[in-house]
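Chemist: the amino acid sequence is not available; the structure is as follows:
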């Protein structure tokens with residue numbers, strides 16, 4: 001059992017909460033039984049190490065059994081060690097280390113996608129995680145991250161996806177102009193979500209076509225250069241007194257409306 005919170009192994013795991021360590025190692029941190037469960041179910045080959053207290057691994061026996069079946073290095077720890085490893089205050093007794101496995105753009109487009117979310121300069125981890133989760137729920141084919149969008153393997157992003165990071169392909173570190181060119185070649189329209197765009201309701205009929213939604217920064221939205229790559233910009237109506245919609249909420253509406261349109265009939 002790992003008992004020393006200051007041991008090199010514990011410190012190495014804890015460092016994965018920092019981007020520099022994730023970039024250097026190509027690894028990332030999973031916290032809690034649900035994240036470990038989803039990773040082991042959908043991407044077992046990426047999970048390298050599983051740490052847990054005896055109590056947690058007894059309570060979540062399915063996680064322990066899945067790890068053993070996948071040949072994952074399983075290590076019992078004390079509560080103090082788990083607390084030292086985790087980014088959260090309450091990791092629920094289980095932490096795992098996994099290998100980053102982003103999907104190449106060419107592989108996404110080879111699958112003849114009909115619904116894609118592009119995130120350009122999305123900086124808030126909670127927003128990105130929620131967009132990935134919404135894209136998964138709406139049946140989107142992929143999420144593509146461009147510009148200086150937050151690292152999808154940031155612990156806060158991983159937690160916010162509640163496992164969807166392992167369900168939907170995610171491409172990272174791409175340049176928007178290149179992505180749009182390739183998406184156009186694949187036969188998809190690029191539609192930007194923008195407060196100065198055309199009326200969403202009046203343009204809903206075209207959402208049945210293969211569509212890539214383009215979402216921008218939480219504070220600034222999409223700049224002129226980014227908007228120039230879109231085939232159309234649409235704005236969601238505000239019927240009440242709200243000043244605006246949160247980015248992740250707006251993205252969820254856009255993705256679901258498109259999913260409804262594409263599945264109608």
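Modeler: In hand now; what should we look at? Bear in mind the structure is a predicted one, so any value in this text is a computation, not a measurement. Residues are numbered from 1 along each chain as shown.

Chemist: ranges for the strands of this structure?
Modeler: Using DSSP state E, the strands of the chain run over residues 27-31, 47-52, 73-76, 94-99, 115-120, 142-146, 170-174, 189-199, 211-215, 232-235.

Chemist: and the fifth one, which strands flank it?
Modeler: Sheet pairing here is set by DSSP bridges, and for strand 115-120 it gives strand 142-146 (parallel), strand 211-215 (parallel).

Chemist: what do you get for the first one?
Modeler: If you go by DSSP bridges, strand 27-31 pairs up with strand 94-99 (antiparallel).

Chemist: please enumerate the helices of the chain.
Modeler: Ranges of helices within the chain are 8-14, 19-25, 33-42, 54-59, 61-69, 79-85, 105-110, 125-137, 155-161, 176-185, 224-227, 247-263, based on DSSP state H.

Chemist: looking at those helices, which is closest to residue 192?
Modeler: For these, the distance to residue 192 is smallest for helix 224-227, at 5.6 Å, taking Cβ to Cβ. In this view, the C-beta of every residue, glycine as well, is placed from N, C-alpha and C.

Chemist: who's in contact with that closest one?
Modeler: Residues from elsewhere that reach helix 224-227, judged by Cβ atoms under 8 Å, 6 or more residues apart in numbering: 120, 121, 176, 192, 194, 214, 216, 233.

Chemist: right, and residue 66 touches residue 42 too?
Modeler: No: Residue 66 is beyond contact range of residue 42, at 10.9 Å (criterion: Cβ atoms under 8 Å).

Chemist: between those two, who's got more neighbours?
Modeler: Set residue 66 next to residue 42 and count neighbours by other Cβ atoms under 10 Å: residue 66 wins out with 19 against 14.

Chemist: mind checking pLDDT for the residue lying closest to the more buried one once chain neighbours are set aside?
Modeler: Setting aside the residues directly before and after it, residue 66 is nearest to residue 40 in space (Cβ to Cβ, 6 or more residues apart in numbering), at 4.0 Å. We have a pLDDT of 97 for residue 40.

Chemist: number of residues surrounding residue 239?
Modeler: Residue 239 has 6 nearby residues by other Cβ under 10 Å.

Chemist: from residue 78, how far off is it?
Modeler: To residue 78, residue 239 is 53 Å away according to Cβ to Cβ, to the nearest Å.

Chemist: the residue nearest to residue 66 touches residue 47, doesn't it?
Modeler: Yes: with contact defined as Cβ under 8 Å, residue 40 counts as touching residue 47 (5.7 Å).

Chemist: looking at the strands paired with strand 115-120, which is buried most?
Modeler: Among those, ranked by average contacts under mean count of other Cβ atoms under 10 Å, first place goes to strand 211-215 (a mean of 27).

Chemist: contacts for that one?
Modeler: Contact with strand 211-215 is made by 114-120, 122, 131, 144, 180, 183, 188-193, 222, 226, 229-230, 247, 250-251, 254-255, 258, 262, as judged by Cβ under 8 Å, 6+ apart.

Chemist: which residues does the nearest residue to residue 108 once chain neighbours are set aside bridge with?
Modeler: Of all residues not flanking residue 108 in the chain, residue 142 sits nearest, at 4.3 Å (Cβ to Cβ, 6+ apart). For residue 142, the beta-bridge partners are residue 116 (DSSP bridges).

Chemist: between the strands of the chain, which one is closest to residue 88.
Modeler: For these, proximity to residue 88 was assessed by Cβ to Cβ; strand 27-31 is nearest, at 5.5 Å.

Chemist: who touches the closest one?
Modeler: Outside strand 27-31, the residues that reach it (Cβ under 8 Å, 6+ apart) are 13, 16-17, 21-22, 36, 39, 47-48, 85-88, 91-92, 94-100, 153, 155, 158-159.

Chemist: show me which of the residues you listed are buried.
Modeler: Among the contacts of strand 27-31, those classed as buried by 16 or more other Cβ atoms under 10 Å are 13, 16-17, 21-22, 36, 39, 47, 85-87, 91-92, 94-98, 100, 153, 155, 158-159.
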